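Colleague: Need a 3D model of the following:
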Amino acid sequence: MGTIRQSHPVKKDASASHPNGGSSGDSEAPSPKALRLHLQRFPKTSVLVIGDLILDHYVMGRVSRISPEAPVPVVHVESESLRLGGAANVYSNILALGGKAYLCGVIGADQSGKQLVAELGHTRGLLGGIVVDRERPTTRKSRVIAHNQQIVRYDIEGRSELKAVLRQKILRYVESKLRELSCIVVSDYAKGVVSSVLMSEITRLAALRRVPVIVDPKVEHFNFYKGVTVITPNHLEAAQASGMHGDDNQTINEAGVMIRQRLGCQSVLITRGEKGMSLYEGDGASCHLPTKARQVYDVTGAGDTVIGTLALALAAGADIKTGAIMANHAAGIVVGMVGTATVSPKQLSEAFEDD
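Modeller: Numbering: from 1, shown residues only. Here you go, the predicted structure:
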């Protein structure tokens with residue numbers, strides 16, 4: 001998700017085939033008016049985001065020569081910026097779209113942790129679920145970019161599983177907010193927050209109040225997600241998790257069906273980059289949603305936008321297919337921006353007209 005790409009057009013194919021060989025189902029798609037009605041309900045929703053908090057650091061510059069010390073480019077830095085990443089970016093996307101959100105995760109007792117909290121700004125009152133681990137650093141991803149091309153990325157992180165005392169703090173916070181939640185999002189970047197024990201407790205607590213649980217997964221943790229409502233792997237994660245190879249429709253179909261059956265979840269939404277998304281539901285129904293992107297600059301954080309929009313849509317009463325359509329529109333907007341970004345209600349509402 002951290003690749004910076006040169007701008008190039010993406011052809012929108014309204015006649016894209018259904019994963020099973022039929023039509024894409026566009027004739028059954030909700031109207032722009034219906035999509036806007038769900039969008040208007042976003043401010044009435046309340047979503048809890050749990051997962052790995054990441055501070056994204058961007059160093060922007062230009063290259064005019066190669067270093068005499070080693071065969072590497074010399075980047076003349078022109079600007080630096082900090083942005084919210086991981087679960088914090090999902091949280092930011094939900095707020096940007098008008099929803100109410102709470103955030104759970106872990107930071108270190110370091111400067112990056114302070115900077116991440118500062119980036120969260122005026123929303124600090126909703127951050128009671130953030131705990132400090134003095135034995136690990138705050139996850140920080142630094143990307144050096146020149147001429148819209150990523151030169152190098154370097155990460156500072158700890159990946160060990162949370163100690164039980166910190167996990168219990170998070171779970172107590174989840175339980176305290178449960179009555180007011182419309183949806184729970186788990187944003188797993190495999191940095192130590194999401195574990196088998198944590199997921200078992202979250203699904204148990206959510207079931208008590210019939211709160212949907214949506215997971216943005218990591219392949220190594222797939223067995224943790226049994227019984228969740230929706231899982232949103234990208235095509236590479238879906239293929240790897242199902243032991244398959246390729247990105248053709250047949251492979252993705254088989255992977256989607258296998259993952260849904262294996263985890264016992266209600267739906268699987270596979271994001272496929274420029275090929276759009278493929279949705280697999282519990283009743284055997286499936287559909288393909290062609291990409292809504294006009295151009296792609298950067299796919300960083302696109303998965304965060306997808307899961308944040310999908311969570312809001314389901315919390316607002318949309319069915320899974322309508323939620324996927326709304327998320328597909330949001331993703332089409334955000335990949336046209338450089339770096340982790342968010343989508344506004346106005347941008348999303350205008351994007352619905354493309355249908």
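Colleague: helices or strands up against the helix or strand containing residue 253?
Modeller: Assigned by DSSP states H and E, residue 253 falls within helix 249-263. The helices and strands touching helix 249-263, judged by 3 or more Cβ pairs under 8 Å, 6 or more residues apart in numbering; DSSP states H and E, are helix 235-241, strand 267-271, strand 277-281, strand 286-289. Backbone N, C-alpha and C define where each C-beta goes, glycine included.
Colleague: pLDDT score for the spatially most central residue of the chain?
Modeller: Compute the mean C-alpha point of the chain, and by Cα atoms, centre = their mean the closest residue is residue 304, 2.1 Å away. pLDDT for residue 304: 89.
Colleague: Can you give me the buried ones in stretch 126-144?
Modeller: 126-127, 129-131, 133, 136-144 (16 or more other Cβ atoms under 10 Å).
Colleague: Just name the closest of those residues to residue 63, please.
Modeller: Taking Cβ to Cβ as the measure, residue 63 lies nearest residue 144 of the buried residues of stretch 126-144, at 9.9 Å.
Colleague: can you give me the strands in the stretch 1-150 of the chain?
Modeller: 46-51, 53-66, 73-86, 100-108, 129-133, 139-146, 149-156 (DSSP state E, counting those that start in this stretch).
Colleague: would you list the ones you listed in JSON lines and tack on mean pLDDT and distance to residue 92?
Modeller: Shown next, in JSON lines, are the strands of the stretch 1-150 of the chain (pLDDT from 0 to 100; distance: least, Cβ to Cβ, whole Å):
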{"stretch": "strand 46-51", "mean pLDDT": "97", "distance to residue 92": "9"}
{"stretch": "strand 53-66", "mean pLDDT": "96", "distance to residue 92": "11"}
{"stretch": "strand 73-86", "mean pLDDT": "95", "distance to residue 92": "5"}
{"stretch": "strand 100-108", "mean pLDDT": "96", "distance to residue 92": "9"}
{"stretch": "strand 129-133", "mean pLDDT": "95", "distance to residue 92": "14"}
{"stretch": "strand 139-146", "mean pLDDT": "96", "distance to residue 92": "15"}
{"stretch": "strand 149-156", "mean pLDDT": "94", "distance to residue 92": "20"}
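Colleague: wouldn't residue 292 be in contact with residue 328 here?
Modeller: Yes. Contact criterion Cβ atoms under 8 Å: residue 292 and residue 328 qualify, at 5.5 Å.
Colleague: what is in contact with the two at once?
Modeller: Both residue 292 and residue 328 are contacted by residue 276, under the criterion Cβ atoms under 8 Å, 6 or more residues apart in numbering.
Colleague: Turn the strands of the stretch 1-150 of the chain into TSV, columns for distance to residue 212.
Modeller: TSV is the format used below for the strands of the stretch 1-150 of the chain (distance: least, Cβ to Cβ, whole Å):
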stretch	distance to residue 212
strand 46-51	10
strand 53-66	22
strand 73-86	21
strand 100-108	15
strand 129-133	18
strand 139-146	27
strand 149-156	32
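Colleague: among these, which is the most enclosed?
Modeller: strand 46-51 (a mean of 27; mean count of other Cβ atoms under 10 Å).
Colleague: Put the alpha carbons of that one into CSV.
Modeller: Provided in CSV are the C-alpha atoms of strand 46-51 (Å, rounded to 0.1, in the frame of the first residue of the first chain):
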residue,chain,number,x,y,z
SER,A,46,-20.7,5.8,15.9
VAL,A,47,-17.7,3.5,14.9
LEU,A,48,-14.9,2.1,17.0
VAL,A,49,-11.6,1.6,15.3
ILE,A,50,-9.1,-0.9,16.8
GLY,A,51,-5.7,-1.7,15.5
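Colleague: Give me the angle between it and strand 73-86.
Modeller: 130 degrees (axes from the mean of the first three to the mean of the last three Cα atoms, to 10 degrees).
Colleague: Confirm that residue 348 lies within a strand, as I assumed.
Modeller: No. Counting by DSSP: H, G, I helix; E, B strand; the rest coil, residue 348 is not found in a strand; it is helix.
Colleague: check contacts around it.
Modeller: Counting by Cβ under 8 Å, 6+ apart, residue 348 has contacts 39, 97, 309, 326, 329, 330, 333.
Colleague: Dump these to JSON lines, plus pLDDT and neighbour count.
Modeller: What follows is those, written out as JSON lines (pLDDT from 0 to 100; neighbours: other Cβ atoms under 10 Å):
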{"residue": "39", "pLDDT": "96", "neighbour count": "23"}
{"residue": "97", "pLDDT": "95", "neighbour count": "26"}
{"residue": "309", "pLDDT": "96", "neighbour count": "30"}
{"residue": "326", "pLDDT": "94", "neighbour count": "28"}
{"residue": "329", "pLDDT": "91", "neighbour count": "26"}
{"residue": "330", "pLDDT": "92", "neighbour count": "27"}
{"residue": "333", "pLDDT": "88", "neighbour count": "22"}
